[in-house]
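*Asks:* Attaching a predicted model along with its sequence, questions to come.
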Amino acid sequence: GDSVTQMEGPVTLSEEAFLTINCTYTATGYPSLFWYVQYPGEGLQLLLKATKADDKGSNKGFEATYRKETTSFHLEKGSVQVSDSAVYFCALSDSGPTARQLTFGSGTQLTVLP
Amino acid sequence: DAGVIQSPRHEVTEMGQEVTLRCKPISGHNSLFWYRQTMMRGLELLIYFNNNVPIDDSGMPEDRFSAKMPNASFSTLKIQPSEPRDSAVYFCASSLASGGFPGELFFGEGSRLTVL
């Protein structure tokens, strides 16, 4: 079945540091890939997505590129801020008639220190 | 625009009591999901509905859990009887699924359940 493997956390960085959170996946077919973010006390919200190979999703300075050859969708940001402290979830959805749900990774806690 | 609305935000109850969590999805969305989040098990899909019909309830832990969606604008998740191990944050999410694509999930703020 489909699965998503994320980098183990927690990750602690200083403000303005470079961020990478690794995500690899296993899926049949041609999945769409997502990053969701959960701020403290809130529900998850979509950060970015990519629907086909080589697509790059981007939002709020975050980027991730859909790499089919390495089955990866790593999240990056060039300069993190304290306000980026949150839990980040990588997710995928397969395509086709049965694609009605997302498969989430375990989440990576990011803390950014001033 | 109103997002996904969940109630109650917090619930503290004693073991053996019935708990009902409620969700109002975004108007026009045709898929609704119930998730449970704990430190130990992370984010788990319990059940999801498409056009008010339960599609997959394989994630429901046991018979103590039940979910209903009587109409497109309301869903409940019920636990009876509740146990301490049910303590978690329960999230409802909705999406507009079309053309074989599940759509972006919009999550509510969650209901934090504590069973003493």
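*Replies:* Sure thing, it's come through.

*Asks:* ok, what's across the strand from the residue in chain B that chain A sits nearest to?
*Replies:* For chain B, the residue closest to chain A is residue B:107, as judged by C-beta to the nearest C-beta, at 3.1 Å. Bear in mind the C-beta positions are built from the backbone N, C-alpha and C, glycine included. Judged by DSSP bridges, the bridge partners of residue B:107 are residue B:93.

*Asks:* now do residue A:104
*Replies:* Residues in beta-bridge contact with residue A:104 (DSSP bridges): residue A:91.

*Asks:* who's in contact with it?
*Replies:* By C-beta atoms under 8 Å, 6 or more residues apart in numbering or on different chains, residue A:104 lies in contact with A:4, A:36, A:89-91, B:42-43.

*Asks:* Now rank those residues by neighbours and give me the top one.
*Replies:* Ranked by neighbour count (other C-beta atoms under 10 Å in any protein chain shown), the contacts of residue A:104 have residue A:90 at the top, with 28 neighbours.

*Asks:* Tell me who's in contact with that residue.
*Replies:* A:4, A:6, A:21, A:23, A:25, A:33-35, A:73, A:75, A:104-105.

*Asks:* can you give me the strands in chain A?
*Replies:* Per DSSP state E, chain A carries strands over the ranges A:3-6, A:11-14, A:19-21, A:23-26, A:32-38, A:44-50, A:56-59, A:62-65, A:75-77, A:86-93, A:103-104, A:108-113.

*Asks:* Low-confidence regions, the chain specifically.
*Replies:* You didn't pick a chain, so chain A it is. Counting by pLDDT under 70, chain A has low-confidence residues at A:95-100.

*Asks:* Chain B is the one I meant
*Replies:* Residue ranges of chain B with pLDDT under 70: B:1, B:99-102.

*Asks:* same thing but 90
*Replies:* Scanning chain B for pLDDT under 90 picks out B:1-2, B:39-44, B:50, B:55-59, B:61-62, B:95-105.
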